[in-house]
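In: sequence? don't have it. structure:
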């Protein structure tokens, strides 16, 4: 699924990385625990999280996560957006809680790789 489709499904707002919305993703992971992300995420993944600190960007970079969506309407500060921009990691935010956002993506055909959306 392309990120542009994810944006539409979640009615998300792009914070940075608009130019990367044609990227293809093959799975999603929803977690506020970056240790779980490190343990379970596979290639071409999308991360959904309510955590808005620099560790999210560092984890995404380490795990080659294609994009990050902040749930519950959370928006990171400019320093985190700047980090993501430097690393070419698209950021979006959606008003949906994690459970609903995950369900919407799953019901629209985005699979998870771990059994843990």
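Out: Sure thing, it's come through. Worth saying up front: this structure is predicted, and the values here are computed from it rather than measured.

In: which residues of this structure fall in helices?
Out: 3-10, 34-40, 54-62, 78-86, 98-107 (DSSP state H).

In: Which one of those lies nearest to residue 68?
Out: helix 54-62 (5.6 Å; CB to CB). Bear in mind the C-beta positions are built from the backbone N, C-alpha and C, glycine included.

In: re earlier: take the helices of the chain and lay them out in a markdown table including mean neighbour count.
Out: What follows is the helices of the chain, written out as a markdown table (neighbours: other CB atoms under 10 Å):
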| stretch | mean neighbour count |
| --- | --- |
| helix 3-10 | 19 |
| helix 34-40 | 15 |
| helix 54-62 | 18 |
| helix 78-86 | 15 |
| helix 98-107 | 17 |
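
In: out of those helices, which comes closest to residue 92?
Out: helix 3-10 (6.1 Å).

In: Can you add mean pLDDT and give the helices of the chain back as TSV?
Out: Shown next, in TSV, are the helices of the chain (pLDDT from 0 to 100):
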stretch	mean pLDDT
helix 3-10	97
helix 34-40	73
helix 54-62	92
helix 78-86	96
helix 98-107	94
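
In: among these, which is nearest residue 17?
Out: It is, among those and with distance given as CB to CB, helix 78-86, at 7.0 Å.

In: can you list the residues that contact the closest one?
Out: 15-17, 52-54, 56-57, 60, 68, 90-91 (CB atoms under 8 Å, 6 or more residues apart in numbering).
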